[in-house]
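Asker: using only what follows, build the 3D model:
(chains A, B, C and D)
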There are 4 protein chains.
Amino acid sequence: MNPENTTVFNLGECTFDSPLQTPLFIDDSSRVLVDVQYNPGQVEAPPTFENAGPRRKIYFNPKKTTAAIVTCGGLCPGLNNVIQSIVRMLYSQYGVSRILGIRYGYEGLIPDFGHEFMDLNLETVDDIDEKGGTILGSSRGNQDVGRMVDTLVKNKISILFAIGGDGTLRGADAIFEEVKKRGLKIAIVGVPKTIDNDIVFVYRTFGFTTAVSHAHSALLGAHAEAAGAKNGVGLVKVMGRDSGFIAAYAALASSQVNYVFLPEVPIRLHGPGGFFNHLKERLIRKKHAVILVAEGAGQEYFNTAKETDASGNVKHGDIGIYLRDEIKKHYDAEKFPVTIKYIDPSYLIRSHPPSAEDAVFCIMLAQNAVHAAMAGKSGMLVGFWNSYFTFVPLSSIINRRKKVEKKGYLWSMVKESTGQPDFD
Amino acid sequence: MNPENTTVFNLGECTFDSPLQTPLFIDDSSRVLVDVQYNPGQVEAPPTFENAGPRRKIYFNPKKTTAAIVTCGGLCPGLNNVIQSIVRMLYSQYGVSRILGIRYGYEGLIPDFGHEFMDLNLETVDDIDEKGGTILGSSRGNQDVGRMVDTLVKNKISILFAIGGDGTLRGADAIFEEVKKRGLKIAIVGVPKTIDNDIVFVYRTFGFTTAVSHAHSALLGAHAEAAGAKNGVGLVKVMGRDSGFIAAYAALASSQVNYVFLPEVPIRLHGPGGFFNHLKERLIRKKHAVILVAEGAGQEYFNTAKETDASGNVKHGDIGIYLRDEIKKHYDAEKFPVTIKYIDPSYLIRSHPPSAEDAVFCIMLAQNAVHAAMAGKSGMLVGFWNSYFTFVPLSSIINRRKKVEKKGYLWSMVKESTGQPDFD
Amino acid sequence: MNPENTTVFNLGECTFDSPLQTPLFIDDSSRVLVDVQYNPGQVEAPPTFENAGPRRKIYFNPKKTTAAIVTCGGLCPGLNNVIQSIVRMLYSQYGVSRILGIRYGYEGLIPDFGHEFMDLNLETVDDIDEKGGTILGSSRGNQDVGRMVDTLVKNKISILFAIGGDGTLRGADAIFEEVKKRGLKIAIVGVPKTIDNDIVFVYRTFGFTTAVSHAHSALLGAHAEAAGAKNGVGLVKVMGRDSGFIAAYAALASSQVNYVFLPEVPIRLHGPGGFFNHLKERLIRKKHAVILVAEGAGQEYFNTAKETDASGNVKHGDIGIYLRDEIKKHYDAEKFPVTIKYIDPSYLIRSHPPSAEDAVFCIMLAQNAVHAAMAGKSGMLVGFWNSYFTFVPLSSIINRRKKVEKKGYLWSMVKESTGQPDFD
Amino acid sequence: MNPENTTVFNLGECTFDSPLQTPLFIDDSSRVLVDVQYNPGQVEAPPTFENAGPRRKIYFNPKKTTAAIVTCGGLCPGLNNVIQSIVRMLYSQYGVSRILGIRYGYEGLIPDFGHEFMDLNLETVDDIDEKGGTILGSSRGNQDVGRMVDTLVKNKISILFAIGGDGTLRGADAIFEEVKKRGLKIAIVGVPKTIDNDIVFVYRTFGFTTAVSHAHSALLGAHAEAAGAKNGVGLVKVMGRDSGFIAAYAALASSQVNYVFLPEVPIRLHGPGGFFNHLKERLIRKKHAVILVAEGAGQEYFNTAKETDASGNVKHGDIGIYLRDEIKKHYDAEKFPVTIKYIDPSYLIRSHPPSAEDAVFCIMLAQNAVHAAMAGKSGMLVGFWNSYFTFVPLSSIINRRKKVEKKGYLWSMVKESTGQPDFD
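Answerer: Next up, the predicted model:
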């Protein structure tokens, strides 16, 4: 179905300069395709992703198939929903009845840890969608690939669903390569999980909108705290190790945020045009301010020897604590006392059950993961792109990050909403 | 930025038939474009929409411009957020300082009703994003087009933002045509508002995810009621006059829904293979059931003379009450007593403030509506398509409805999730 | 008003040492004053209730005791919490390990219905406090007393916890009398459950504050609907068959309620000084109004032949629907069109899990019910009076109702808050 | 424990007729018993409090009266509700039209700070009950008493409502003494505000149940975090400087809490029978644990030089951080790795709007504060005792704290619910 007429009426020639400060003006001639499904008549084939969904022919015999599910890394709203939907789809729709839950992340594939498998069936997953966390438990870090594949073989596991972020998916890719090297017929299917929403070529990940929603609640609290004191400053830190999407969206969702700091945009605190001067002027004028900072922002202020955690993520300096202390120190020195309240809701946010919208997204991801696995896809994940679910090779997305572009539209909107300048 | 490799690895040839009942199998060769921005090298131009966003040149001189905002039709979560963001963008970013709020829908443009304009500025819109409803008030139905245009002229209004659904946008298009006929330089810009999410070529409308979220809460209650009684039936009616998106998404969000009825799918209640037999079997087996019905479902059961309301919508028979009474009557006659609890949360849902995600969506819509208006676009609305905001002629979208396709993917997923068959 | 009888029946001498580790045993002689307003001239001993709490000596040998729990009547937030706490206290503190759940109210004690007992233990009650409803199911109405006692005897049940309202407690008292007549050593202990908070000499019942809280949400919605339309009227009906406590408290909790109607206060709609005139004046002045009505209000408008439901409650005419239709009819006749939105959130309210405060209250009630039963108290319930938990004979509280006094302080506060006059 | 003095100070004879329409005036001689446990042998009159409520005769002429409101100390859910209800009662019921809001606590009574008064009327307080924080702002600490009284005199303020905790009420009492010394006719009326619920002879304070409710949410998150990791420990710190009521109630409200630490109960961490051994055994058995700690618990672990903050409260060592670090250190040393997640939701909790029940409580407190002030009561606060609102002299309650009794019933219930032993 195509629209009959897509030409917008213009009153006449535009003759005034726009007063906007954005670098992002769009020409009238810039157009968006209506149908993003690939048109074969096209001369040069544009890059495309494989469309997700059930296949008419499948690879595995459901009656003889054992599937396993593992959750890795930090908690994220929706983990239990993905588990539930995979089990329901496998069991009720495909007729796979042996489904194993791997305990505590990849540790559960290494016998030394002594974690027994959990039997997953319709009863064990009943109601788990209303609970935060993961019924399987999780852990950070990868394990010996050879021994994990040995465990899959020994337990006759034909399908492994790996639910996790960048580190987990790197691990899944390594398992996939080992499986391929050994000539095994085991499907390794990833389900992307990153509350930060930072996986490339995946428009959106589950848990993200839930996180934005709870960040919004924290910002309401921060605003009440800030407005309740003379020169009150409410400072909220949210998740966002390398990409500031949660902070950017939460700032748009909350009309009372005055400053947002992202990993992608450097902050200069001192000097003319720096943050401290701007904040002081605002406090004099308005008596309070709300600041939202992503955990990965302002890392230029830390001379850390760049340690990494078990998942291989660089350990960050704590910018929330740093800002809280520096703000206090700076204005104390200027004899301009401020009252600063610092809120770090991270663990509260990620341990929630998902919003209804994330719950729907989880079920769709999970159904497509099962379709992929049953059709014998492997070394891939289920993505979401241009409103379509997609099947994407793991090798295409690991070791990369989706970022908020400093000169892009989202950041431009955030600045329009908060009214803050760039501090660089 | 394009992915380096998009070819998914396959373990080998698929030889088993899928046991799935869906008519919607996708071939491996079906592909989704990575970049949906139009590629000019293409031989035949595919249909496209104009890309939204700020223009380098604008049409109106901000200092001499008066803008007006009107909200029409039923309440929808996010109305106040759209109003707030339009005012903030006009005032703080473009420098337009005379902004009028039209009271109680199009009535406010007809002097006889005696509704005075409301002055809108940063102070009057402060904090309104945390409140449900609309500070402007609303009403259903259109008014005399000539007299409405007279009011615009008399009050030197150069831009009219009309926030509303199909009826409102038809009204806006009529105003646009009259303005064009008179040769006036007034921009008429629509912001689509439909909690049912049923506007064509608009992927998503604000308030929809909020509605799904609160429908989910009602379903939790219905499940507790159903499980709390022998042969307990929880029946929930949600919005969805012509399109069942809210019901479909809410069913996916709630793992305890057993039956969903949409306007797009006929329901046969009686006879073998009919709903009543299926429900009885379930009650005998499970002792309780949860049913979710969209308000426009089952209209084949009403021989109404198809009256219309002030907005021109066909008045529906109340399928919730009908089902409640028929279920009771049917099983009483069979001496199979059921306990049925009926929940209609519609007004509670639509009067809420928006979820954080809808709040973000509202701000983005509103910013683009202002960009369009300032650039002199008219007779159009701001759409959202393939992850892009778009400018779309009103004439392309009015008098049409986006529907849940009976043979489509969404309905297929819902049936996989609830396990219900088709009852037709 | 004083209770007629405050002496709790004891099954016999307590001969076992309590296994509890608490230093805080209560003597049976410890009493709580019924009336705390001090009367200096008083000569006679004032009426008192027996103080609740653990007894040093207990009547039943925990190792040989079977307890049973039954939930009756409509859902109420906290039922699962009471069940959970009774089981935990019996099992972990007293060492009673055979605990039976009676299914679907008193029906579950009549073998003909075929409802099997549910085994209750720490695992079956884990997490149920986060869910609305009752895991045991419920039903309305009493059953044959003799046959119920036969079932207790046949299954060696020594303690029956009956969780329910007036009808349930009347049933419990009948069972108690039959047990006594037969000379059986079975303790019958009531836990008062009435979302309406209408049991005499029980200051507060669980679920009540949760109900007020959700009624408050509905009122926010009603206010948004009312303010969103010209002459908008938001009408909310809440529970309160005979006593208007939920409506009275919800009106105090919501600063936007303009009129409250309770069962205890007659409403005159027509004529000078009647409600319709007052509402019209308000609409002319303020353009909108919010009305809150308890389900038992305005019964003088129904000439019903006073049917009763299975619980023996008089069936009420639906005052919410009546008011909605009469308001519309009245002002249409006056050519003063109003827009009325009617919200009935009753099933949504009662199916919720409890607020944290009600959850605490449930655990305290349940612990004291177990203390009473283990000490051989029978034919009594656990009350809450003047900040103390009490043991009260069932015969003192059944067939009576706590009411909002028309000339009392609560109603006076409500009228001060809404500003409404009396319409009688 | 009995109060030393229960006689409320009266400014003088009440000569004006109350304008209230209530039939329910209370005599000054009406009293409420302090202790409701009945003591049959008692000869002497037992201690009583003065019963709150409107008086038939009032002291101040409403038309010539200026009232002022000040909020001091930390945020607490319900502050805006108290402000709103005081203003509504003064204005609509008593006819007092000049009401001043003092900004930023007692600072607002010292001209040097330059905080102008805020005019309070029905419009400025409309809707504020839905917002957290305080529209007046707050600050910690007292100011020069003489200069504050000078400000009252200069601005013809006849009534000062001081909303705050122990420090604020000490300040109010000092103002009262100064006013009395100068022979001024100014009523000083306290409204007790302590989220910790630690004011003696006040059964409950507003904001407390809201705090318990949000602590409950944090505990759900902590449980998800704990269960999601091998040997996972969720640690939550809540408010409770000197009294552990929030922690005790939140533990009862949440069936998943395993350990609670209060200021009133010492914790021994090390050695046999110490906490660390007990926790380890639980982790080996159950793999996870949830710990709830009140901020004032475990102060024996800090050798701080007992600094005080501006309110005169002793500054506590941060037991949350301390426990988090000590647990980690201890088990690392034992080569028994645990995963600990620490959540401190304090600012989020206290910045919320109140629960519906707290909102009702606020309105009742505020109405009685106005009744007291108009009747010329001074140097007193509004209490709540044995289900009655009371008028209590400030001198009776300052410099004392209500505590959780280590050998009392509440702590006993908590231990029964968590199953923890004493660690002392």
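
Asker: flag every residue of the stretch 301-424 of chain A that's near chain B.
Answerer: Within the stretch 301-424 of chain A, the positions adjacent to chain B are A:355-357, A:359-360, A:363-364, A:367, A:372, A:374-380, A:385-388, A:390-393, A:395-397, A:409, A:413, A:416-417, A:419 by C-beta under 8 Å from any C-beta of the partner chain. C-betas here are computed from N, CA, C, even on glycine.

Asker: buried members of those into PyMOL, please.
Answerer: Paste this into PyMOL to select the buried members of those, with burial taken from 16 or more other C-beta atoms under 10 Å in any protein chain shown:
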select buried, chain A and resi 355+356+357+359+360+363+364+367+372+374+375+376+377+378+379+380+385+386+388+390+391+392+393+395+396+397+409+413+416+417
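
Asker: could you check how far residue A:113 is from chain D?
Answerer: 8 Å (C-beta to the nearest C-beta, to the nearest Å).

Asker: my bad, should have said residue A:92
Answerer: Distance, residue A:92 to chain D, using C-beta to the nearest C-beta: 26 Å.

Asker: run a quick neighbour tally on that residue.
Answerer: Residue A:92 has 13 neighbouring residues, counting by other C-beta atoms under 10 Å in any protein chain shown.

Asker: ditto for residue A:403
Answerer: Neighbour count of residue A:403, defined by other C-beta under 10 Å: 16.

Asker: give me the pLDDT value at it.
Answerer: What the model reports for residue A:403 is a pLDDT of 93.

Asker: which elements pack onto the helix or strand harbouring residue A:160?
Answerer: Taking DSSP states H and E as the definition, residue A:160 sits inside strand A:159-164. Applying 3 or more C-beta pairs under 8 Å, 6 or more residues apart in numbering or on different chains; DSSP states H and E, we find strand A:159-164 packed against strand A:66-71, helix A:79-88, helix A:166-181, strand A:187-192, helix A:356-374.

Asker: average pLDDT for whichever helix or strand comes after the fourth one?
Answerer: Just to be clear, that refers to strand A:187-192. Next in sequence after strand A:187-192, counting helices and strands by DSSP H and E, comes helix A:208-227. Helix A:208-227 carries an average pLDDT of 95.

Asker: and helix A:208-227 with chain D, contact?
Answerer: Yes: residues of helix A:208-227 contacting chain D under C-beta under 8 Å from any C-beta: A:217-218, A:220-225, A:227.

Asker: do stretch A:294-305 as well
Answerer: No: if you take C-beta under 8 Å from any C-beta as the test, stretch A:294-305 misses chain D, and the best it gets is 14.9 Å.

Asker: I'd like the mean pLDDT over that stretch, please.
Answerer: Averaged across stretch A:294-305, the pLDDT comes to 85.

Asker: residue A:165 against residue A:73, yeah?
Answerer: Yes: when contacts are counted by C-beta atoms under 8 Å, residue A:165 is listed as touching residue A:73 (5.1 Å).

Asker: residue of the stretch 301-424 of chain A closest to chain C, please.
Answerer: At 10.3 Å from chain C, residue A:353 is the closest residue in the stretch 301-424 of chain A, using C-beta to the nearest C-beta.

Asker: for the closest residue to that residue other than its chain neighbours, what are its contacts?
Answerer: In this structure, residue A:353 finds its nearest non-sequential neighbour in residue A:132, 4.9 Å apart by C-beta to C-beta, 6 or more residues apart in numbering or on different chains. Applying C-beta atoms under 8 Å, 6 or more residues apart in numbering or on different chains to residue A:132 gives the contacts A:75, A:77, A:80, A:351-353, D:220-221, D:224.
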